[in-house]
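**Student:** let's see this in three dimensions:
(one chain, ligands or ions: 1)
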Amino acid sequence: MLLRGERLGEISEDVLEFISSREADRWIFEADLLVDRAHVVMLKEQGLISPEEGTRIIAALDRISESELGEGEDVHEAIEADLISRIGEVGGRMHTGRSRNDEVATCIRIVLRDMMLSLMVELNSLTKTLLDLAEDHTETIVPGFTHLQHAQPTTLAHHLLAHADALFRDGERLGDSYPRVNKSPLGAAAFASTGFEIDRDRTAELLGFEGLVENSMDAVSTRDFVLEVLADLSILMIDLSRMAEELILWSTSEFGYIELNDLFASTSSIMPQKKNPDTAELVRGKTGSIVGNLMAALTICKALPLSYNRDLQEVTPHLWQSLSLTRGAVRIMNGCISSARFETDRLEAGAGVGFSTATELADSLVRVTKTPFRTAHQIVGALAASGETPSMEDLDSAAEKIAGIRPSDMGFSTGMLKDALDPKKNVALRDRPGGPAPAETARMLGERARRVAENERLVAEMRGRVDGALEGLRGME
Ligand code: ARG
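**Tutor:** Below you'll find the model as predicted:
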């Protein structure tokens, strides 16, 4: 092996296997070649290697293929060894003024930013699916729940928009983390910088980074950018798991509010009638793995002394797993929700169940009879206890018993009682900012549709900057 050579002698199979990161390094193979290329271009420009040497190294890097790599405890060692086996001693000039410590941190940031950009696109697309669905359902009355008990009527659009707003925040969180991820640690070397006259800004520019992780000690030591993205992903998955849970509940025969498309359902090996919401269940289940990855990464980083420690290698696989699981979950949720059938008749029928209009009845009493809300709450509470839909007589007698008033003598008409008990009218009245009244929901929808378009534009712009830089770098010889 390239590195142990004269210093340590041979390594045993099982020690090599134990310390190796080769399995997870497949994620950073391409990025490592880019990092090598940028570093060599810079070494050449700075006159630290000759133009011919630089050109030979770069040409050889172009021919390195992952499947042909030989031994090495990580991809960095394997690539360097492969390079030297191809072009001899001159290949050994590549590692001038750098270390695997800054190299690996740079690779992780390159792959991570790429995956964040893809995830942001897919998250935006899921958000758009929710908005499109909401647009069709601003008038679809549905039961709203607290404590999973029928609470007050709302609309399907209002409910879907609530999930969409959580996803907007999840996207914002990733967007906030992105500029901290997209900084270059390259040139920090092992931790103490280097005496060679390298140009860190140049490698940062070549690799499409916006600035440096400046302090060379910090640059190789920190994985806080990984931790924050793992936290972003965990929160995003917690939000998805809540959506998944509702898909699961709503597709039971007890609720019967939704029918999943067969594509997103599974059946049973023994019970031929079963149609199970396995995709949604796995979104819920994988959330556990993703939260676990955050905990693992936090715990690995805890109390590590500066600067680089090999423990850091153990963090990275959790990042890749979380990113790919989250991406999968976002895509599956998108398909699952956009293809589901909402049983609007059953939803509308459920909207008035459990005296869910009780709050509006109390509110109406307050408006018409000027009774304090707490008193109205007690009157309607007494009516609710009977379990029957209240008549005007019921209302009068409860009000008389509790507050010594008869609403029917105070201008509260039977028509008013009927309206208060009508879920659709309940919803129409709730037109304050953020409320479910169709016009207010339509306003929110319009504003959010603009935001989705703006997000798409911003992510495409970030993607364009990264791709532009990398394309330029790939063209350099
Ligand atoms: N495979 C290592 C990692 O992922 C690369 C850095 C190794 N550095 C070292 N000093 N052994 O962290």
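
**Student:** going forward, measure contacts between C-alpha atoms and count neighbours the same way
**Tutor:** Noted.

**Student:** report the contact partners of residue 51.
**Tutor:** Residue 51 makes contacts with 44-45, as judged by CA atoms under 8 Å, 6 or more residues apart in numbering.

**Student:** how much space separates it from residue 44?
**Tutor:** With the distance defined as CA to CA, to the nearest Å, residue 51 ends up 6 Å from residue 44.

**Student:** do the same with residue 312
**Tutor:** In this structure, residue 312 and residue 44 are 31 Å apart, going by CA to CA.

**Student:** got it, and residue 89?
**Tutor:** 17 Å.

**Student:** who has more neighbours out of those two?
**Tutor:** Taking other CA atoms under 10 Å, residue 89 and residue 44 do not tie; residue 44 has more neighbours (18 against 10).

**Student:** which neighbouring elements make contact with the helix or strand where the more buried one lies?
**Tutor:** Secondary structure assignment for residue 44, by DSSP states H and E: helix 29-45. Under the contact criterion of 3 or more CA pairs under 8 Å, 6 or more residues apart in numbering; DSSP states H and E, helix 29-45 touches helix 51-63, helix 75-87, helix 100-136, helix 200-206, helix 438-474.

**Student:** which stretch among these comes nearest the ligand?
**Tutor:** Comparison of these against the ligand by CA to the nearest ligand atom identifies helix 100-136 as nearest, at 4.6 Å.

**Student:** so is that closest one next to the ligand?
**Tutor:** Yes. With CA under 6 Å from any ligand atom as the measure, helix 100-136 is seen reaching the ligand through 100-101, 104.

**Student:** for residue 185, give me its contacts.
**Tutor:** With contacts defined as CA under 8 Å, 6+ apart, residue 185 is in contact with 102-103, 105-106, 212-214, 216, 219-220.

**Student:** residue 217 contacts residue 187, correct?
**Tutor:** No. With contact defined as CA atoms under 8 Å, residue 217 does not reach residue 187; the gap is 10.8 Å.

**Student:** neighbour count for those two, which is higher?
**Tutor:** For the pair residue 217 and residue 187, the greater number of neighbours falls to residue 187 (31 against 20), based on other CA under 10 Å.

**Student:** how close does that one sit to residue 106?
**Tutor:** 10 Å.

**Student:** quick one, what contacts residue 279?
**Tutor:** Applying CA under 8 Å, 6+ apart, the residues near residue 279 are 264-265, 332, 336.

**Student:** just flag the most distant two among the residues you listed.
**Tutor:** Taking CA to CA as the measure, these reach their widest spread between 265 and 332, a distance of 11.3 Å.

**Student:** pLDDT score for the closest residue in space to residue 266 that isn't next to it in sequence?
**Tutor:** In space, and not counting its chain neighbours, residue 266 is closest to residue 276: 5.1 Å by CA to CA, 6 or more residues apart in numbering. The predicted local distance difference test score for residue 276 is 93.

**Student:** again with residue 6
**Tutor:** In the predicted model, residue 6 carries a pLDDT score of 82.

**Student:** also residue 270?
**Tutor:** Looking at residue 270, its pLDDT is 89.

**Student:** for it, give me phi and psi.
**Tutor:** Backbone geometry at residue 270, expressed as degrees, to the nearest 10, gives phi -120, psi -40.

**Student:** which residues touch residue 355?
**Tutor:** When the contact criterion is CA under 8 Å, 6+ apart, the partners of residue 355 are 384, 389.

**Student:** same thing but at 7 Å, please
**Tutor:** residue 384 (CA atoms under 7 Å, 6 or more residues apart in numbering).

**Student:** next, residue 145: secondary structure please.
**Tutor:** strand (DSSP: H, G, I helix; E, B strand; the rest coil).

**Student:** which residues pair with it across the strands?
**Tutor:** Here residue 145 shows beta-bridge partners residue 150, assigned using DSSP bridges.

**Student:** my guess is it contacts residue 151, does it?
**Tutor:** Yes. In terms of CA atoms under 7 Å, residue 145 counts as a neighbour of residue 151; the distance is 4.8 Å.

**Student:** more neighbours: the two, which one.
**Tutor:** When neighbours are counted by other CA under 10 Å, residue 145 and residue 151 differ, and residue 151 comes out ahead with 20 against 14.

**Student:** make sure the more buried one is actually in contact with residue 142.
**Tutor:** No. Residue 151 sits out of contact with residue 142 when judged by CA under 7 Å, with a separation of 10.7 Å.

**Student:** leaving out sequence neighbours, find the closest residue to the closest residue to the ligand within the stretch 201-350 of the chain.
**Tutor:** Ranking the residues of the stretch 201-350 of the chain by distance to the ligand (CA to the nearest ligand atom) places residue 313 first, at 3.7 Å. In space, and not counting its chain neighbours, residue 313 is closest to residue 21: 7.1 Å by CA to CA, 6+ apart.

**Student:** what does the stretch 251-400 of the chain put close to the ligand?
**Tutor:** Close to the ligand, as judged by CA under 6 Å from any ligand atom, the stretch 251-400 of the chain has residues 310, 312-313.

**Student:** ok, now with 5 Å
**Tutor:** residue 313 (CA under 5 Å from any ligand atom).

**Student:** where in the stretch 251-400 of the chain is pLDDT low?
**Tutor:** Applying pLDDT under 70 to the predicted model, the stretch 251-400 of the chain contains no residue that meets it.

**Student:** can you map out the strands along it?
**Tutor:** Taking DSSP state E, counting those that start in this stretch as the test, the strands found in the stretch 251-400 of the chain are 258-259, 341-342.

**Student:** need the ones you listed in CSV with distance to residue 269, can you?
**Tutor:** Written out in CSV, the entries for the strands of the stretch 251-400 of the chain read as follows (distance: least, CA to CA, whole Å):
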stretch, distance to residue 269
strand 258-259, 21
strand 341-342, 25
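
**Student:** Provide a list of residues in contact with residue 356.
**Tutor:** 150-153.

**Student:** now with 8 Å, please.
**Tutor:** Listed by CA under 8 Å, 6+ apart, the contact partners of residue 356 are 143, 150-153, 423.

**Student:** what separates it from the ligand, distance-wise?
**Tutor:** Distance check for residue 356 against the ligand: by CA to the nearest ligand atom, to the nearest Å, it reads 57 Å.

**Student:** got it, and residue 166?
**Tutor:** When distances are taken as CA to the nearest ligand atom, residue 166 and the ligand turn out to be 34 Å apart.

**Student:** do I have it right that that residue meets residue 240?
**Tutor:** No. Under the criterion of CA under 8 Å, residue 166 makes no contact with residue 240, lying 9.3 Å away.

**Student:** can you name the residues in contact with stretch 467-477?
**Tutor:** So stretch 467-477 is contacted by 34, 37-38, 41, 54-55, 58-59, 205-208 (CA under 8 Å, 6+ apart).

**Student:** on that earlier part again, identify the contacts common to residue 217 and residue 187.
**Tutor:** Looking at what touches both residue 217 and residue 187 (by CA under 8 Å, 6+ apart), the common residues are residue 193.

**Student:** residue 298 touches residue 225, doesn't it?
**Tutor:** No. Under the contact definition of CA under 8 Å, residue 298 does not touch residue 225, with a separation of 11.4 Å.

**Student:** what's the burial count for the residue nearest to residue 398 when sequence neighbours are not counted?
**Tutor:** Distance criterion CA to CA, 6+ apart; nearest residue to residue 398, sequence neighbours excluded, is residue 379 at 5.8 Å. By other CA under 10 Å, 23 other residues sit near residue 379.
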